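S.K.: Take this sequence and fold it.
(one chain, ligands or ions: 1)
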Amino acid sequence: MTDMRARPRVVIAGGGTAGWVTAAALSSQLKGLLDITLVESDQIGTVGVGEATIPTHRSFHVLIGANEVDFMRATRATFKLGIQFENWGAQGDSYIHSFGQIGKSPWMADFHHLWMQAKADGFGGDLGDYCLELRAAEAGKFALSDKLNLNYAYHLDASLYAAFLRAHSEARGVTRVEGKFVDVRQDGECGFIKSIVMENGDEVEGDFFIDCTGFRAALIEKVLGVGYDDWSHWLPMNRAVAVQTQSAGDILPYTRSIAHEAGWQWRIPLQHRVGNGHVYCSDYISDDEARATLERNLDGEMLFEPRVIKFLTGRRKKLWEKNCVALGLSSGFLEPLESTSIHLFQIAATRLIQYFPFNGCNPALADHFNRLASEEFESIRDFIIAHYHVTQRDDTAFWRDRQAMDIPDTLKQRLALYRDNGLVYKGEEDLFRIDSWIQVLLGQRFETSAYHPAGRLMTTDKLRSSLANYADGVRRTVAQMPSHADFIARYCAMAGE
Ligand code: FAD
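M.R.: Prediction:
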C-alpha cells in the first residue's frame, strides 16, 4: 500500500480508443480531484479498427456528457440495431442477433416459452415477429422517439472517435503529451511505477498509471509481467485482414457477420465508407487466402491496401497490478464477433471512477477490481464460443474442429440447461441478456423441444390472439418508420451531405 497525494497524478499511456475513453471518463467525473496526463505516439499510431459497438455505449456517453448528434456528426456514425449472422448455423442461413426485447414475458417464464408452446400448437410464426429492433433492422429502418424506445448502438469511425474524445477530454483539463516513451522507472522497493521516460529524455511522473498501449502492453506486461491466460484453444482466430471501402448501396442499420471457410467477415457501414475485415485462424488458411476471400466479398472500391493484424485471444491474468491498471487491448482481447472490446474498457473506466485508489493502491481494491473484470471477460468469452461450437457446419476442417472442441464448463452447463429445459439465464456479471442467448442459439440451429408450459395457462385462442396482436403492433410500427438513411440525413449527417 502506498499513499496518494491530495490530487493524484494519473498518467494514461496510450491514445487509442481505450486511452481517450479513459481520459474522457475520468476527466468528466473526477475533474478537480485528479491531474490527468495522456501520452501517445503518432509514430506508433493506433490499431485503427474497432468500429461497431453495443448499446452500453449510449450509457457511457451519458456518463461523460457527450451529445449524440455532435458525436454522430464527428465520427460519421450510423445506428446499429444488431448483427446479422450469415452462413453460421449452416451455409445459406441468416439470422439477426438484435438488441431488442422479444415479446412480453409473464413473470414465471421468458417469452420464448410461450412462443415454443405456440409453435407446438401450429402457429406463432418466427420469433423475430415479436422484436421491433429485429424487424426494423431487416427493413433498413430507424427512428428515435420516447414512444419507440429502441435499443441501439453505433457504428463509428475509430480514428475520428479518438479525436472526438480527445477534444472532450482536453476541454476538461487533460494534458496531452505527444511522443514515444522508451523507459519506465519503478520504486526500488515496492516496484510501483514512478515515471515513464520519453525518447527526448523528459520524464512523465505519476501516482497511478493506466496502460492503454494496445497489444504492446508496455506497462502491465513488459514492466509488471502479470502474465496472460491464452484462450486460443477455444477461440483460435489469431488474425484479421482489414480494409475500408467506398459506400455502395444502402446504409444498413446493422453489422454483417458473414462466416467463411475458416473464419468470418465483418461489414460495418458508416456514413462515408464501409469498414471490412476477415477474421481467421492461420492454422487453416494463409494470409493470402484470407485476403483473397475478403476481396471477393467486398461491395465498394477499396480505399487502401488491406493490412493484416495479428492477435492472441485471451486475458491478462490481472488488469490491476501495483499502481497500474490495463484497459483496452493491453488487458486482453476477445475477437470482435459481438463488438464487445470497447464496452469492456468503457465499463472498466467507469468502475475506475468508483474505485479510484484515493486511499492508496492496496490488494483488496485491486483484487476486487480484477475479479469483476475476470467475470466479465469470461461470460463474453462463452457467448462468443457458442457461435462457433453450436453449428451444423461441417464443410471444412475448421468448422468440424469447432463442433468437436471441448468448451468451458460454464458454457457446457448453459447449453445443457437450454437443451433439457429450454431455460436461459443472465448472471450478475453477464453482459448478454436472455434475448441475446435465445436469438443466437436458435439462429445457430441449437435444437430443443423443452419449454415451460406457461402458455397452457391460457386457452390456445387467447395465446394465438395475444401473439398475433403483438406481432401486428411490431409490423405496423416498422411500416411507419423512415429508412435508416433518411433518418441519418435529417438527424446527424455533416452539413452539405
Ligand atoms: P491502440 O489503438 O493500439 O492504441 C495504443 C496507443 O498506445 C496508441 O496511441 C499508441 O501510440 C500508444 N503507444 C503504445 N506504445 C507507446 C509508447 N511506447 N509510447 C507512446 N505511446 C505508445 N472493438 C469493438 O468494440 N468493436 C469492434 O468492432 C472491434 N473490432 C476489432 C477488430 C479487430 C481486427 C481488432 C484487432 C480489434 C477490434 N476491436 C473492436 C477492438 C478495438 O479495436 C480496441 O479495443 C480499441 O481500438 C482500443 O484499442 P487500444 O486503445 O487499446 O489500442
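S.K.: In three-state terms, label the closest residue to residue 392 other than its chain neighbours for me.
M.R.: The spatial neighbour of residue 392 that comes closest, neighbours along the chain excluded (CB to CB, 6 or more residues apart in numbering), is residue 90 at 4.6 Å. For every residue, glycine as well, the C-beta is placed using N, CA and C. Counting by DSSP: H, G, I helix; E, B strand; the rest coil, the backbone at residue 90 sits in coil.
S.K.: For residue 90, grab the count of nearby residues.
M.R.: By the criterion of other CB atoms under 10 Å, residue 90 has 15 neighbours.
S.K.: Please apply the same query to residue 474.
M.R.: There are 20 residues near residue 474, going by other CB under 10 Å.
S.K.: which stretch of helix or strand covers it?
M.R.: Remark: residue 474 resides in helix 460-480, with elements defined by DSSP states H and E.
S.K.: Would you mind checking the average pLDDT for that helix?
M.R.: Here the mean pLDDT over helix 460-480 is 98, rounded to a whole number.
S.K.: picking that back up, contacting residues around the residue nearest to residue 392?
M.R.: Going by CB atoms under 8 Å, 6 or more residues apart in numbering, residue 90 touches 391-393, 445.
S.K.: now, which of those residues lie within strands?
M.R.: With strands taken from DSSP state E, there is no overlap with the contacts of residue 90.
S.K.: Roughly how far does the residue nearest to residue 392 sit from the ligand?
M.R.: Taken as CB to the nearest ligand atom, to the nearest Å, the spacing of residue 90 relative to the ligand amounts to 25 Å.
S.K.: could you dump the helix holding residue 474 to PDB, C-alpha only?
M.R.: This file holds the C-alpha atoms of helix 460-480, laid out as PDB (Å, rounded to 0.1, in the frame of the first residue of the first chain):
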ATOM      1  CA  THR A 460     -55.000 -21.700 -27.300                       C
ATOM      2  CA  ASP A 461     -57.200 -19.000 -28.800                       C
ATOM      3  CA  LYS A 462     -56.000 -16.500 -26.200                       C
ATOM      4  CA  LEU A 463     -52.400 -17.400 -26.800                       C
ATOM      5  CA  ARG A 464     -52.900 -17.100 -30.600                       C
ATOM      6  CA  SER A 465     -54.600 -13.700 -30.400                       C
ATOM      7  CA  SER A 466     -52.200 -12.200 -27.900                       C
ATOM      8  CA  LEU A 467     -49.200 -13.200 -30.000                       C
ATOM      9  CA  ALA A 468     -50.900 -12.000 -33.200                       C
ATOM     10  CA  ASN A 469     -51.600  -8.600 -31.600                       C
ATOM     11  CA  TYR A 470     -48.100  -8.200 -30.500                       C
ATOM     12  CA  ALA A 471     -46.700  -9.200 -33.900                       C
ATOM     13  CA  ASP A 472     -49.200  -6.900 -35.600                       C
ATOM     14  CA  GLY A 473     -48.000  -4.000 -33.400                       C
ATOM     15  CA  VAL A 474     -44.400  -4.600 -34.400                       C
ATOM     16  CA  ARG A 475     -45.300  -4.700 -38.100                       C
ATOM     17  CA  ARG A 476     -47.400  -1.500 -38.000                       C
ATOM     18  CA  THR A 477     -44.700   0.400 -36.100                       C
ATOM     19  CA  VAL A 478     -41.900  -0.700 -38.600                       C
ATOM     20  CA  ALA A 479     -44.100   0.300 -41.500                       C
ATOM     21  CA  GLN A 480     -44.300   3.900 -40.100                       C
END
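S.K.: Of all the residues in it, which ones are buried?
M.R.: 463-464, 466-467, 470-471, 474, 477-478 (16 or more other CB atoms under 10 Å).
S.K.: list the contacts for residue 425?
M.R.: If you count contacts by CB under 8 Å, 6+ apart, then residue 425 has 414, 417, 434 around it.
S.K.: residues in contact with the closest residue to the last one other than its chain neighbours?
M.R.: Same thing as residue 434. Nearest non-adjacent residue to residue 434, counting by CB to CB, 6+ apart: residue 424, 4.8 Å away. Contact partners of residue 424, counting by CB under 8 Å, 6+ apart, are 110, 112, 414, 417-418, 434, 437-438, 441.
S.K.: which one of these is nearest the ligand?
M.R.: Closest approach between the contacts of residue 424 and the ligand, by CB to the nearest ligand atom: residue 437, at 19.7 Å.
S.K.: what about the closest one, which SS state?
M.R.: Classification of residue 437 by three-state DSSP places it in helix.
S.K.: Can you pull the residues of this protein lying near the ligand?
M.R.: Counting by CB under 6 Å from any ligand atom, the chain comes close to the ligand at 14-19, 39-41, 44-47, 49-53, 158, 180-181, 212-214, 216, 218, 240, 242, 277, 309, 311, 328-330, 336, 339, 341-342.
S.K.: Do you have the strands of the stretch 301-450 of the chain handy? List them.
M.R.: Under the criterion DSSP state E, counting those that start in this stretch, the stretch 301-450 of the chain contains strands at 307-310, 314-316, 320-321, 324-326, 332-333.
S.K.: ok, the last one: who's next to it in the sheet?
M.R.: It refers to strand 332-333. strand 314-316 (antiparallel) (DSSP bridges).
S.K.: any idea how far the nearest residue to residue 217 once chain neighbours are set aside is from residue 248?
M.R.: Take residue 217 and drop its neighbours on the chain: the residue closest to it by CB to CB, 6+ apart is residue 330, 4.1 Å away. As defined by CB to CB, to the nearest Å, residue 330 lies at a distance of 36 Å from residue 248.
S.K.: Now list the buried members of the contacts of residue 90.
M.R.: Using 16+ other CB under 10 Å as the burial test, the contacts of residue 90 include 391-393 as buried.
S.K.: nearest to residue 294, of the residues you listed?
M.R.: When the buried ones among the contacts of residue 90 are compared for distance to residue 294 (CB to CB), residue 393 comes out closest, at 19.3 Å.
S.K.: any idea how far residue 72 is from the closest residue to the closest one other than its chain neighbours?
M.R.: Distances taken as CB to CB, 6+ apart put residue 399 closest to residue 393, at 4.0 Å, once the chain neighbours are dropped. From residue 399 over to residue 72 the distance is 38 Å, taken as CB to CB.
S.K.: repeat for residue 108
M.R.: 41 Å.
S.K.: Equivalent analysis for residue 287, please.
M.R.: From residue 287 over to residue 72 the distance is 35 Å, taken as CB to CB.
S.K.: When these two are compared, which one has more neighbours?
M.R.: residue 72 (21 against 14).
S.K.: In which helix or strand does that one reside?
M.R.: Using DSSP H and E, the secondary-structure element containing residue 72 is helix 68-75.
S.K.: Could you report the pLDDT at residue 106?
M.R.: Residue 106 carries a pLDDT value of 92.
S.K.: ok, it - contacts?
M.R.: Taking CB under 8 Å, 6+ apart, one finds 114, 454 in contact with residue 106.
S.K.: Repeat the analysis, applying 6 Å as the threshold.
M.R.: Listed by CB atoms under 6 Å, 6 or more residues apart in numbering, the contact partners of residue 106 are residue 454.
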